[in-house]
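>>> The sequence and its predicted three-dimensional model are supplied below.
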Amino acid sequence: MGIHAWRPRVFAAVLLIIGAGPARAQVAEVAVERRLAEELGLSIGDTFRIGPAVDSITKLGLVTAIYEPRPDPAEIAKRERHVRLHLPDLAALLGAPDRVDRYGVGLRPGVSPDTAAAALNRSAFGYRAYSSRAIASESSQTLLVVSRFHRAIAVITIVASAVFLLCIMLLKVEERRMDAAVMRFVGVRRRTIFGALLLEAALIAAFGSVAGSGLAYLAGAATNAYYRRFFDTGLTFSLITPTIVLFSVGLSLALGIVAGAVAAWRLVHTRPLVLWGRG
Amino acid sequence: MSGLNWAVQNLIRQRLRTLLAVSGIAISAAMLLDMVMLSGGIEKSFAELLLAKGYQIRLTPKGTLPFDTEATLDRAGSVVGRLRRDTAIESAGAVLGTSLYGRSRDSLVTLVGYGIQPEAQGIYQMQRGRDLTPDDTLGVLLSPAVAGLLGAGVGDTVSLVGRLDPQVAAAGVSRRLVVRGIVRWVYDYRGQPSVGTILPVMQALASGGRPDDTASLLLVKVRNDAAVPAVADRLRKEFPRLEVYSVADLVRFFKQRLVYFRQLSYILATMSLIVTVLLITTLLTITVNERLGEIATLRAIGIARSTVVRQVFIEGTVLTVVGAALGIVLGLATARYLDSILTSFPGLPAAFSFFVPRQESLVTAGLVLMVTGSLAGLYPAWLATRAPIAATLRSEAT
Amino acid sequence: MTGPIVLTGRNLRKDYPLNGAAVHALRGVSLAVRSGEYVAIAGPSGSGKSTLLQLIGGIDVPTAGEVEILGTRLDSLSDRELTRLRLTRLGFIFQRFHLLPVLTARENVELPMAEAGVPVKERRARALELLAYVGLEHRAGHRATQLSGGEMQRVAIARALANRPALLLADEPTGELDAATGGEILELFRRLNEDGTTLVVITHDERLAAQAGRVIHMIDGRICE
């Protein structure tokens, strides 16, 4: 197709005819996607030339609609621009009046797409039939890879956080070793000291989890705002669902409590004199 | 007794906390290294891939990237001829990419076909057998995947079908060709079923037997690497109906496609550094607070502030160095794992890597970590110098 | 045998703020110590003994008054110069020893010499010599945490002597020790003074006070005449 969006300013001059150009027979009605219309300065009613190759841009197109394409995550990084024509117009433009790339088939209610596709494929020659779900699955492979990558990063982050948390809890608990020693000297039970430290760890973990959730929400909003602007799309890049919040809070609480428990256990099982620095 | 020995002994004194701190720094260092590799690896790997056979410039139909669409350029033969007459150009060749079918017993399998000019090709490397000659109209090269699909080896005959006519349920154009060799197609994804014939044969298969002088892509090898930008500019003026890309241009477009990963790598690298700083600062601050009495004593017996500060710095640096060393080993391992995930992108050339371990990546990550780890000791070091000697000794005595 | 004055304190005052009011730890104390003297400062808890020691040792700053060591007024020195003076002209011994637990006995004694820039061989030899002087040459390679209380205090004394100070200041050197071990420290102090070391010692220990050539009694931040 000869509409080129790589260098819109160059091609605006080539392609654009502002206002009513000389009326030719067979002006093709064209729906232009919003971004292309903005780049070329096209409005409804404008005419422009269109063609299948750089040196055969001869046909006139009339902008009859400007549309917003459905956001496709697999396509946002590409900078392709699309237009829509009536099928006969496009086929004539390409010099292949009886040729298409694909058919869309709507089934009657109750008919299974997979069954219908299988039936078509048994008798097919030169084409294959796929259910929409199969195509969606196939075209989602890229996004599945990205998901796996994100998950791997998340796992690494969780491991790092766990180590960090354990280290910090240990440090904070050890700061209190003199207090713990004195308490043991005066007869306070290990269980009581352990419980107090565990409660503290749980409170810190709970507070941190809530704060972290808030931070995640803000970061997600910032991510969406940034990438929507960057790619000029309405896609959602970061989605925080109740399930994700529950999982994250649960995990961070669990990690914090476990870290606090380990540190507290270590403290209460150290001899008081050693805690005091005399053992 | 040296400052280093003293610092090491202090760290060994609290084994568990030191171990945890070093582990935390190691994981952060690993993440940092991986992100440095990711941010620089994409473009380097892609550039190396493009230069695999030494072709520095590519010409494609206007408004397209190489093999990004089904668009073709006309009069490929005459364009190649003009390129070959250019004294600055060492070699030029055309490539046509198309889809076709191979007969495997009673069925047809979909293949990717490359029409090539063997005397100037930049898209495959021989593995077995021999290469095509420029006038070999009966020969074909197979990828290992196709050899398996068709059950063919070097010397066997395969049947390739160009167009299919569904209405008459027959092949439009087919050819029987002899397998000359098994090749690795440099830009293919893993397992891609690709075949290659000389350009006229593939043009005939693609066009259904009609006269055809189209190509998907022209490859140009410039004699002098330094002259590539100038030659590219000249070719753009000479062929205004074609896109002319140097390797640098293509890398730029590729980076744009993968901009998300670069941005993610910067964000994660920053977070790794923040974690490292927090870990070292927290550890050293608590350690300094615990040893205020010791520090006050040192100051009382005449040890200078600068010596105390140096000791805190050395401790932070030792933690960072040990953590970084472990982190580099861990980072190389996690990079392999992460690379195995990302290189499973559909359609990505098998030779491409996202995480490329290079010396400069290791050095960059190491240096950044060292500087950051040292700076992380600033606050606790400052804290150490602020301890009032008399008051601290008094409180230690109680 | 005493010589010229090495330490002078004139009208020293030290006040600490406490809940909005001022606590007068020292209320105008003056003293002079000659080279070779063995001075004990005795008094009940809260009489200002430790505060006085910290002022004359340059590790605290008086609210009023001045301290002079070997003719140098401490208030004329910068923090770096004061630190240097403590390193080279004074030796400190604390009630709680304050050795560095991760270093060996020898390394603890070497520490002030390393700071003073003494070459490695020389400071190692002197450290062993000092440890022999205090009777601990056989424990040179042991960490401080592996020593008994008395041994730690003897190492602390060796450390205080490292840079050949003009004046040794000791704050309750036998406070953490049992009677027998304290007696060993007493004997060491006596020997030090006989060998010419000037000592100023704060103590509750009557034996130590009795051993000193001069005893200064303090009550409520003042010297009792």
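Here it is on my side, so go on.
>>> And the pLDDT at residue 8?
Unless you meant another one, I'm taking chain A. You'll see residue A:8 listed with a pLDDT of 33.
>>> actually it's chain C I care about, not the one you picked
95.
>>> can I assume it sits in a strand?
Yes - assigned with DSSP: H, G, I helix; E, B strand; the rest coil, residue C:8 falls within a strand.
>>> So what's the residue count around it?
Residues near residue C:8, counting by other Cβ atoms under 10 Å in any protein chain shown, number 17. All C-beta spots, glycine's among them, are computed from the backbone N, C-alpha and C.
>>> Now do it against residue C:35, distance only.
12 Å (Cβ to Cβ, to the nearest Å).
>>> Check which residues of whatever helix or strand residue B:260 lives in are buried.
Following DSSP states H and E, the helix or strand that holds residue B:260 is helix B:259-290. Using 16 or more other Cβ atoms under 10 Å in any protein chain shown as the burial criterion, the residues of helix B:259-290 that qualify are B:261-262, B:264-265, B:268-269, B:271-273, B:275-277, B:279-288, B:290.
>>> from the middle of its chain, how far away would it be?
Its chain's average C-alpha position is 25 Å from that of helix B:259-290, according to Cα atoms, centre = their mean, to the nearest Å.
>>> Is there any residue in it that contacts chain A?
Yes - in terms of Cβ under 8 Å from any Cβ of the partner chain, part of helix B:259-290 sits within range of chain A, namely B:259-260, B:268, B:275, B:278-279, B:282-283, B:286, B:289-290.
>>> any idea which of these is the one closest to residue C:170?
Checking the residues of helix B:259-290 next to chain A against residue C:170 with Cβ to Cβ, the nearest one is residue B:290 at 26.0 Å.
>>> now the helix or strand hosting residue B:7 against helix B:259-290, angle please.
Using DSSP H and E, the element containing residue B:7 is helix B:3-13. Counting by axes from the mean of the first three to the mean of the last three Cα atoms, to 10 degrees, helix B:3-13 lies at 90 degrees to helix B:259-290.
>>> Following the chain past the helix or strand in which residue B:109 is found, name the next helix or strand.
Element membership for residue B:109 (DSSP H and E) is strand B:107-116. Next helix or strand after strand B:107-116 toward the C-terminus (DSSP H and E): strand B:124-129.
>>> for the residue in the stretch 151-300 of chain B positioned nearest to chain C, helix, strand, or coil?
Residue nearest to chain C within the stretch 151-300 of chain B: residue B:297 (3.8 Å; Cβ to the nearest Cβ). Per three-state DSSP, the local secondary structure of residue B:297 is helix.
>>> Provide a list of residues in contact with the nearest residue to residue B:172 once chain neighbours are set aside.
In space, and not counting its chain neighbours, residue B:172 is closest to residue B:163: 3.3 Å by Cβ to Cβ, 6 or more residues apart in numbering or on different chains. Residue B:163 sits next to B:171-173, B:205-206, B:208 when contact means Cβ atoms under 8 Å, 6 or more residues apart in numbering or on different chains.
>>> ok, which stretches of the stretch 101-250 of chain A are helices?
With DSSP state H, counting those that start in this stretch as the criterion, the stretch 101-250 of chain A has helices at A:113-123, A:132-139, A:141-175, A:177-185, A:190-231, A:242-268.
>>> Using JSON lines, lay out those helices together with mean neighbour count.
JSON lines is the format used below for the helices of the stretch 101-250 of chain A (neighbours: other Cβ atoms under 10 Å in any protein chain shown):
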{"stretch": "helix A:113-123", "mean neighbour count": "13"}
{"stretch": "helix A:132-139", "mean neighbour count": "12"}
{"stretch": "helix A:141-175", "mean neighbour count": "18"}
{"stretch": "helix A:177-185", "mean neighbour count": "17"}
{"stretch": "helix A:190-231", "mean neighbour count": "15"}
{"stretch": "helix A:242-268", "mean neighbour count": "17"}
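>>> between those, which gets nearest to residue C:73?
Comparing the helices of the stretch 101-250 of chain A under Cβ to Cβ, the one sitting nearest is helix A:177-185, at 39.7 Å.
>>> quick one: the closest one to chain centroid distance?
Worked out by Cα atoms, centre = their mean, helix A:177-185 lies 52 Å from the chain centre.
>>> So what touches it?
Contacts for helix A:177-185 (Cβ under 8 Å, 6+ apart): A:190, A:192-193, A:267-268, A:270, A:272-273, A:275-276.
>>> What strand or helix carries residue 81?
In the absence of a named chain, chain A is used. Short version: residue A:81 belongs to no helix or strand, going by DSSP H and E.
>>> meant chain C, my bad for not saying
Residue C:81 belongs to helix C:79-89, assigned by DSSP H and E.
>>> Run the chain-centre distance for that helix.
Centroid separation between helix C:79-89 and its chain, computed with Cα atoms, centre = their mean, is 14 Å.
>>> List the buried residues of that helix.
C:82-89.
>>> pLDDT added to the residues you listed, as JSON lines?
Converted to JSON lines, those look like this (pLDDT from 0 to 100):
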{"residue": "C:82", "pLDDT": "91"}
{"residue": "C:83", "pLDDT": "90"}
{"residue": "C:84", "pLDDT": "91"}
{"residue": "C:85", "pLDDT": "92"}
{"residue": "C:86", "pLDDT": "92"}
{"residue": "C:87", "pLDDT": "92"}
{"residue": "C:88", "pLDDT": "93"}
{"residue": "C:89", "pLDDT": "93"}
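>>> filter those residues down to the ones near chain A?
By Cβ under 8 Å from any Cβ, no member of these lies near chain A.
>>> pLDDT score for residue 15?
Picking chain A for this. pLDDT, residue A:15: 35.
>>> Correction: the question concerned chain B.
pLDDT at residue B:15 comes out at 88.
>>> so what's residue B:11 up against?
By Cβ under 8 Å, 6+ apart, the neighbours of residue B:11 are B:18, B:315, B:318-319.
>>> Next: residue C:110.
Neighbours of residue C:110 in contact, by Cβ under 8 Å, 6+ apart: B:1, C:123-124, C:127, C:162.
>>> about what we covered before: tally of neighbours for the residue of the stretch 151-300 of chain B closest to chain C?
24.
>>> can you tell me which residues contact it?
B:393, C:94, C:98.
>>> gap between it and residue C:199?
Residue B:297 is 19 Å from residue C:199, by Cβ to Cβ.
>>> Chain C: strands as residue ranges?
C:5-18, C:21-34, C:38-42, C:64-69, C:72-73, C:90-93, C:167-171, C:199-202, C:214-219, C:222-224 (DSSP state E).
>>> sorry, back to before: the contacts of helix A:177-185: which two are farthest apart?
A:192 and A:273 (19.3 Å).
>>> How about the residues of the stretch 151-279 of chain A by chain B?
Residues of the stretch 151-279 of chain A lying near chain B (Cβ under 8 Å from any Cβ): A:152-153, A:156-157, A:159-160, A:163-164, A:166-168, A:170-172, A:174-175, A:227, A:230, A:266.
>>> ok, now with 6 Å
Taking Cβ under 6 Å from any Cβ of the partner chain, the part of the stretch 151-279 of chain A that reaches chain B is made up of A:152, A:160, A:163-164, A:166-167, A:170-171.
>>> possible to save the residues you listed as TSV with distance to residue B:152?
Formatted as TSV, those follow (distance: Cβ to Cβ, whole Å):
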residue	distance to residue B:152
A:152	39
A:160	51
A:163	54
A:164	57
A:166	59
A:167	60
A:170	65
A:171	67
